[in-house]
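Student: Generate coordinates for the sequence data below:
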Amino acid sequence: MTQRGRAGARPGGRPGGRRTQPETRSTPVAPRIDLTAARARLREVVEPVITKAGYDLEDLTLTRAGRRFVVRVLIDTDGGISLDDVATVSREVSEALDSAEEQGGELLAGEYQLEVGSPGVDRPLTEPRHWRRNTGRLVAVNGLTGRVLSTADSGVTLEVDGAPREVPWADLGPGRVQIEFKRMDEADFGDEDEDDDDEGEGEE
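Tutor: Residues are numbered from 1 along each chain as shown. Next up is the predicted model:
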């Protein structure tokens, strides 16, 4: 997750962009605003940027944290995202927010901190794309625990007690990915051959 700030501290600010001033005001708490309306305004600006970049906007939250707001943006895609992807999207979203404020007025009164990241494994599976991206994982849903075998237009197929079981989308509640641990003797570290080669080097 990357973080960008506005006003008092703003890492990565653009040359020639909004001039920032050292924090001289005594603002003990963030201004009181309509968070729901502000979140909607932010989403109108942020979502097209993320879609254009080829990602899904999974969530956008706005919370108060002391004297500033925190704008938290979660993105994802079928192939997963890397730290470089997060950094790129964070920069583009930050620039879009700056541009929107320059053209249409302040989106948020006071300081805010932008955080961009990906959903964690504890995030519930609520959309078909969430299930598709977790094919092969163990998931708990509707009192069942099974491995996601496949997804289709009609629903998801789980392996429950060794047998496939189809569950229509309409009957699915939020799914939860289950953390699985392997025994050490079952783990695949993928570098055994490389280690063997290294050990063989120099031997006669």
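Student: For the lengthiest helix in the chain, which residues meet the burial criterion?
Tutor: Secondary structure assigned by DSSP state H gives helix 83-104 as the longest helix of the chain. Using 16 or more other CB atoms under 10 Å as the test for burial, helix 83-104 gives D85, V86, T88, V89, S90, E92, V93, S94, A96, L97, D98, A100. Any C-beta I mention is one placed from the backbone N, CA and C, and that applies to glycine too.
Student: And the residues you listed, which two are furthest apart?
Tutor: Largest separation among the buried residues of helix 83-104 by CB to CB: D85 and A100, giving 22.3 Å.
Student: worst-scoring helix or strand of this protein, pLDDT-wise?
Tutor: Lowest mean confidence among the helices and strands of the chain (mean pLDDT, DSSP states H and E): helix 192-200, at a mean of 52.
Student: correct me, but L172 touches N142?
Tutor: Yes: the criterion here is CB atoms under 8 Å, and L172 meets it with N142 at 6.9 Å.
Student: buried sites along stretch 141-154?
Tutor: Residues of stretch 141-154 classed as buried by neighbour count (16+ other CB under 10 Å): V141, G146, R147, V148, T151.
Student: Note down every partner strand of the helix or strand hosting the third one and its orientation.
Tutor: When secondary structure is defined using DSSP states H and E, the element that contains R147 is strand 144-151. Strand 144-151 pairs in its sheet with strand 138-141 (antiparallel), strand 155-160 (antiparallel), by DSSP bridges.
Student: Can you lay out those strands as TSV showing distance to T77 and mean pLDDT?
Tutor: Formatted as TSV, those follow (distance: least, CB to CB, whole Å; pLDDT from 0 to 100):
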stretch	distance to T77	mean pLDDT
strand 138-141	20	96
strand 155-160	19	96
